[in-house]
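Participant: Got a predicted model here, sequence first, then my questions.
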Number of protein chains: 2
Amino acid sequence: MRAVRTVLVALGCAAVMIALSAPLQAQSVREWRGSHQGEILDEYSRLLRLPNIARNSADMRRNAEFIREMYARRGVGLQLLEVPDAPPAVFGELKTPGAAHTITLYAHYDGQPVVPAEWANKAPFEPELRDTSGKLLPWPSTNQFDPEWRLHARSASDDKAPIMAILAALDALKASGRRPSVNLKFFFDGEEEGGSPHLAAILTKYKSQLSSDGWVFCDGPMHPSRRPSLTYGSRGNMILELTIYGPLVELHSGHYGNWAPNPALMLAQLLTSMKDESGRVRIRGFYDEVKPLTAPEKRVLNAMPKLDAELMRSFALGSIEAEMPLGEAVTVPALNVQGIISGGVGAEARNVVPATATTSLGIRLVTAMDPKKTLNLVMDHIRRQGFFITEQPATEEMRRSHAKVAYLRPTSGMTRAVRTPLDSLFATHIKDAIEKVHGPVIQVLTSGGTLPIDAIDDVLASPVITLPIVNHDNNQHSHNENIRLKNLWDGIETMASLMTLDWK
Amino acid sequence: MRAVRTVLVALGCAAVMIALSAPLQAQSVREWRGSHQGEILDEYSRLLRLPNIARNSADMRRNAEFIREMYARRGVGLQLLEVPDAPPAVFGELKTPGAAHTITLYAHYDGQPVVPAEWANKAPFEPELRDTSGKLLPWPSTNQFDPEWRLHARSASDDKAPIMAILAALDALKASGRRPSVNLKFFFDGEEEGGSPHLAAILTKYKSQLSSDGWVFCDGPMHPSRRPSLTYGSRGNMILELTIYGPLVELHSGHYGNWAPNPALMLAQLLTSMKDESGRVRIRGFYDEVKPLTAPEKRVLNAMPKLDAELMRSFALGSIEAEMPLGEAVTVPALNVQGIISGGVGAEARNVVPATATTSLGIRLVTAMDPKKTLNLVMDHIRRQGFFITEQPATEEMRRSHAKVAYLRPTSGMTRAVRTPLDSLFATHIKDAIEKVHGPVIQVLTSGGTLPIDAIDDVLASPVITLPIVNHDNNQHSHNENIRLKNLWDGIETMASLMTLDWK
């Protein structure tokens, strides 16, 4: 141990020095986990077996009650925070006598929709152990788990993992006779994947219980280098669905194919008008509010490991869309075609002019951009391409009266981008706690993804820092979502360190 | 009757004069039909209950055997013409003693794929009577059927209707004691919807049995005016599926959304490059072989009723793609986007960069165009847009080595366009036979759709004329396909007239 410390000092690696000052706790947490990992995964699998698509409210309530019971077994009382027409948020507090500071740990228990047929086992809510190649593994009869194995299930990474890691950290601390050093609040959101449309209402209604020094958002994937990271903000988000109309019914492509307007082609032309081949959005005014990065921000950006080449190999990409590295790409706003459905292909191909073409467009915003203003820019653009826009499904009369008709509707809440200053006190303490157990963190100016932290900024004026614990290659939002066991194990140590951080 | 004839003569309507010279037969066929329509629809419904998607070979054989039995009950022996890996063609001959001429009646018994969920009754192979508004009707207990009612089922129009109409015509002639005046051959194809890829092989193998003065192709919809029509050719066809690749797995649209190349957008850009906003195909050389219409062809085209405005209202269209009326549009080649599937929308929308985007492209060819040459032009165009083309699914290595990769495969046979001269003897006799019962026909230079008549031209050198009997608004190829009863009734009279035509 001493030899390692000397080498690290010689390398000038101050952060690791700090980590070595608290090795005993990390080790005791690790040992406890090592002898309980089968139990942890068993309990976690029970949570993952509960379907958690936010629109199925009975399912969501089963998840919320299950989480409440999990925490109740550890003596932590959680309550369900309710507003109409929303899954409950699951919230509770663990007070530490004498502690002057409070941190709120956030995760979400809802998951993205699933297409079971796409999953290896056709059953997204039946957890399975697989190796890195995806091969199914029998559940070990001993307590031996290769840390590179993956537990597959919807939400295994996104975002039930922190809910489990917090519990295991509480168990591990208790086993070693330690107590948290700060007051802890737990807040588990039930509709993050839908943009947390009711979060502001919940925060407002329960504001008196929700004060803290700041929120640690446990969500999203870790940096692909697998080094610990803290993210100081997230992009905003807005999802639009757009339906373009062709003939009232599908028409035979031979008899009407180059006479009836083709909605799939019209949609292709519209999307092409929105973004050029170099990935630049061509919607007038789209970038107007974007501020250039400051010098300190540029330094943090430059300090990030550049993993573009490795990621391209891993994702089998021969090119990238942006003319900038990934770390920089997420500091600018984006427009992404999430899906297009029109007519059929493969076994469902039909010789028709489709009746409609529908796309799901995801727009990511950066700080200072107003989502409503951006929506107006998008609408202006669509109109400039000759479309009549309706916000309800088009009537036959609308379709007859206009050469091109687009039915446009936001299908999510609109979330602003938010950033917490790198040098704030809360940010500094969280960074210290992570570096104690995992060494130097990668500082990320903003996540490319979206967290509903604009509501926390608006209602509670609390700072928010994102602390991801799951592997970057977790297939989140897609099929075969998984968590690498090592990430869950490390996450438990991370949570224990946060709970015992030394607020100066 | 005399007064009507005088008026028509005064109008110079020679064709109708001819029709009046054979009123008795038409009337006896109509009367027989009127008293047997319930039986006809019962027998037809049994045929429609047999699923007939060409790739399900057991289903196809059940159809073929059923048709053989239907004809056997009338004393017409049909045989199954077999080549490997194809549904059988059902073929037979009804000789007329002393007849010097033979006509071959063609129909096909396979149907387009179905998406049951899209059908009003979720059961495309469960025939139902509906009124014109789509309202479900009870099956009449008497023999009373409103001729405007529709019989709904896959292939009710396309293309089992002629198979039934021929049978009913044979029954009706027999009931009135008449016999056919020409030799009749019946040829029922089993894979027309897939482009009849084995038709040439079948014609070649059974060539010695297949000679005739010409083929009457009973397929496709009637002119929207509901006037009888004869079509002297059809466009060729080629269906291409094209898959564009993004990342190996779907990636989170926030974390990778404006970094990873988006296959849906790349496909949109490629499709946009293929066709401009005025409907003109931008693939270099696409129109090079197209010959301008001759003066007689232009006259026939100009004599066609112009129904564009009515069709636009019926299909709720506010514009048309082509800068020409429908009749003219089908005399030029076309490229039609039949479908696009990438990622998800609606309940299946996910915040991802999709892994692939696939389109089904239908290309319609006119005479003198060589399908293979056209395919090469399409491939050249795709390459000029920067794509590497593979004819097998792309490997990871291909995807890593090329900025843009397209997996291109034809999913149908390639069918040439063919046309029969307007003034040929066969064409003239068929036209006379139709005008005898239904008055002046609309002459159509070419169908916009595709029939496998290039094989008949290649192998048998027989002329082909298309005689549609089903309503234009039959939803063929789509859900809720239907036949208007009046069209089936008229079709029976049409078949009886063809069988008794007066070959001079």
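Facilitator: Perfect, thanks for sending it.

Participant: going forward, measure contacts and count neighbours with C-alpha atoms only.
Facilitator: Will do.

Participant: Excluding covalently adjacent residues, which one is nearest to the most centrally placed residue in chain A?
Facilitator: Centroid-nearest residue in chain A, with C-alpha atoms, centre = their mean: A:G220, separated by 3.9 Å. Distance criterion C-alpha to C-alpha, 6 or more residues apart in numbering or on different chains; nearest residue to A:G220, sequence neighbours excluded, is A:P468 at 5.4 Å.

Participant: Was I right to think that neighbour contacts A:D219?
Facilitator: Yes. The pair A:P468 and A:D219 qualifies as a contact (C-alpha atoms under 8 Å) at a distance of 5.2 Å.

Participant: circling back: could you check how far the residue nearest to A:G220 is from chain B?
Facilitator: 13 Å (C-alpha to the nearest C-alpha, to the nearest Å).

Participant: If you tally nearby residues, what's the number for that residue?
Facilitator: Using other C-alpha atoms under 10 Å in any protein chain shown, A:P468 is surrounded by 26 other residues.

Participant: Three-state assignment for it, please.
Facilitator: Under DSSP: H, G, I helix; E, B strand; the rest coil, A:P468 falls in the coil class.

Participant: what sits against it?
Facilitator: Contact analysis of A:P468 by C-alpha atoms under 8 Å, 6 or more residues apart in numbering or on different chains lists A:F217, A:C218, A:D219, A:G220, A:P221, A:M222, A:P228, A:S229, A:L230.

Participant: Isn't the fourth one up against A:N474?
Facilitator: The reference is to A:G220. No. The criterion here is C-alpha under 8 Å, and A:G220 misses it with A:N474 at 9.8 Å.

Participant: sorry, back to before: output the contacts of A:P468 as CSV; include the columns distance to B:Q392, pLDDT and secondary structure.
Facilitator: Below are the contacts of A:P468 laid out as CSV (distance: C-alpha to C-alpha, whole Å; pLDDT from 0 to 100; DSSP: H, G, I helix; E, B strand; the rest coil):
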residue, distance to B:Q392, pLDDT, secondary structure
A:F217, 44, 95, strand
A:C218, 42, 96, coil
A:D219, 39, 92, coil
A:G220, 36, 87, coil
A:P221, 34, 89, strand
A:M222, 35, 91, coil
A:P228, 41, 95, coil
A:S229, 41, 93, strand
A:L230, 43, 95, strand
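
Participant: quick one, phi psi at the residue nearest to A:G220?
Facilitator: Backbone geometry at A:P468, expressed as degrees, to the nearest 10, gives phi -80, psi 150.

Participant: and the gap between it and B:E192?
Facilitator: Distance, A:P468 to B:E192, by C-alpha to C-alpha, to the nearest Å: 56 Å.

Participant: do the same with A:L167
Facilitator: Distance, A:L167 to B:E192, by C-alpha to C-alpha: 63 Å.

Participant: quick one: which of the two has more around it?
Facilitator: Between A:L167 and B:E192, counted using other C-alpha under 10 Å, B:E192 has the larger neighbour count: 22 against 19.

Participant: Can you give me the separation between the residue lying closest to that one once chain neighbours are set aside and B:G449?
Facilitator: Distances taken as C-alpha to C-alpha, 6+ apart put B:H108 closest to B:E192, at 6.2 Å, once the chain neighbours are dropped. Distance from B:H108 to B:G449, counting by C-alpha to C-alpha: 15 Å.

Participant: I'd guessed A:T411 sits against A:L242; true?
Facilitator: No. If you go by C-alpha under 8 Å, A:T411 and A:L242 don't touch, sitting 9.9 Å apart.
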